[in-house]
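Peer 1: Below are the sequence and a predicted model; questions follow.
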Amino acid sequence: MMALYTIYTRDLCGFCDAAKALMDSLSLPYEELNLESHPHHRDELLSKVPPGTTTVPQIFVGNLHIGGFDDFKVYVEESVQSGR
(Lines give C-alpha, C1' and ligand atoms only; values in the text may rest on other atoms or scores of the structure.)
Protein backbone atom coordinates (compact mmCIF):
# COMPACT_ATOMS: atom_id res chain seq x y z
CA MET A 1 0.00 0.00 0.00
CA MET A 2 1.30 3.43 -0.90
CA ALA A 3 1.94 5.78 2.01
CA LEU A 4 -0.83 8.33 2.31
CA TYR A 5 0.93 10.19 5.13
CA THR A 6 4.36 11.80 5.02
CA ILE A 7 6.17 12.78 8.19
CA TYR A 8 9.33 14.87 8.23
CA THR A 9 11.39 14.05 11.32
CA ARG A 10 14.79 14.35 12.94
CA ASP A 11 16.72 12.18 15.38
CA LEU A 12 15.94 12.33 19.11
CA CYS A 13 12.58 14.03 18.59
CA GLY A 14 9.96 12.99 21.11
CA PHE A 15 7.08 14.55 19.18
CA CYS A 16 8.23 12.77 16.01
CA ASP A 17 8.25 9.46 17.90
CA ALA A 18 4.79 10.21 19.34
CA ALA A 19 3.38 11.01 15.89
CA LYS A 20 4.79 7.80 14.41
CA ALA A 21 3.46 5.79 17.36
CA LEU A 22 -0.01 7.30 16.81
CA MET A 23 0.14 6.45 13.10
CA ASP A 24 1.28 2.92 13.91
CA SER A 25 -1.50 2.45 16.48
CA LEU A 26 -4.08 3.39 13.83
CA SER A 27 -2.35 1.40 11.06
CA LEU A 28 -1.91 4.56 8.98
CA PRO A 29 0.61 4.03 6.17
CA TYR A 30 3.34 6.66 6.24
CA GLU A 31 6.68 7.56 4.76
CA GLU A 32 9.23 9.01 7.16
CA LEU A 33 11.72 11.53 5.79
CA ASN A 34 14.44 12.12 8.39
CA LEU A 35 16.07 15.50 7.84
CA GLU A 36 19.28 14.46 9.60
CA SER A 37 19.80 11.23 7.66
CA HIS A 38 18.66 12.83 4.40
CA PRO A 39 19.28 16.60 4.59
CA HIS A 40 18.26 17.07 0.95
CA HIS A 41 14.64 16.72 2.11
CA ARG A 42 14.95 19.99 4.06
CA ASP A 43 14.55 22.21 0.98
CA GLU A 44 11.60 20.09 -0.15
CA LEU A 45 9.95 20.55 3.25
CA LEU A 46 10.60 24.29 3.34
CA SER A 47 8.91 24.67 -0.05
CA LYS A 48 5.76 23.00 1.31
CA VAL A 49 5.23 24.68 4.69
CA PRO A 50 4.32 28.25 5.66
CA PRO A 51 7.27 30.64 6.03
CA GLY A 52 8.79 30.53 9.50
CA THR A 53 7.96 26.87 10.13
CA THR A 54 11.02 25.48 11.87
CA THR A 55 9.88 22.52 13.95
CA VAL A 56 9.41 18.82 13.35
CA PRO A 57 7.52 16.72 12.92
CA GLN A 58 5.74 18.20 9.94
CA ILE A 59 2.98 15.94 8.73
CA PHE A 60 1.17 15.79 5.40
CA VAL A 61 -1.82 13.83 4.17
CA GLY A 62 -1.14 13.62 0.47
CA ASN A 63 -0.33 17.23 -0.41
CA LEU A 64 -2.31 18.68 2.50
CA HIS A 65 -0.09 20.11 5.24
CA ILE A 66 -1.50 19.12 8.64
CA GLY A 67 1.26 20.62 10.81
CA GLY A 68 3.06 19.29 13.86
CA PHE A 69 2.14 16.64 16.40
CA ASP A 70 -0.57 18.65 18.19
CA ASP A 71 -2.19 19.53 14.86
CA PHE A 72 -2.02 15.89 13.81
CA LYS A 73 -3.69 14.73 17.04
CA VAL A 74 -6.61 17.07 16.32
CA TYR A 75 -6.74 15.86 12.70
CA VAL A 76 -6.86 12.23 13.88
CA GLU A 77 -9.61 12.95 16.41
CA GLU A 78 -11.72 14.93 13.94
CA SER A 79 -11.13 13.01 10.71
CA VAL A 80 -9.62 9.58 11.16
CA GLN A 81 -11.29 8.30 14.30
CA SER A 82 -14.65 9.83 13.40
CA GLY A 83 -14.53 8.16 9.98
CA ARG A 84 -14.66 11.38 7.98
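Peer 2: Structure's in. What do you need? Residues are numbered from 1 along each chain as shown.
Peer 1: would you list every one of the helices in the chain?
Peer 2: In order along the chain, the chain carries the following helices (DSSP state H): 14-25, 41-48, 69-75.
Peer 1: Tell me which of the ones you listed sits nearest to residue 62.
Peer 2: Relative to residue 62, the nearest member of these by C-beta to C-beta is helix 41-48, separated by 11.5 Å. (Glycine included, C-beta is placed from N, CA and C.)
Peer 1: For that closest one, buried residues please.
Peer 2: Judged by neighbour count (16 or more other C-beta atoms under 10 Å), helix 41-48 contains these buried residues: 41, 45.
Peer 1: May I see the helices of the chain arranged in a markdown table, with mean pLDDT and distance to residue 32 as well?
Peer 2: Written out in a markdown table, the entries for the helices of the chain read as follows (pLDDT from 0 to 100; distance: least, C-beta to C-beta, whole Å):
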| stretch | mean pLDDT | distance to residue 32 |
| --- | --- | --- |
| helix 14-25 | 97 | 7 |
| helix 41-48 | 93 | 10 |
| helix 69-75 | 96 | 14 |
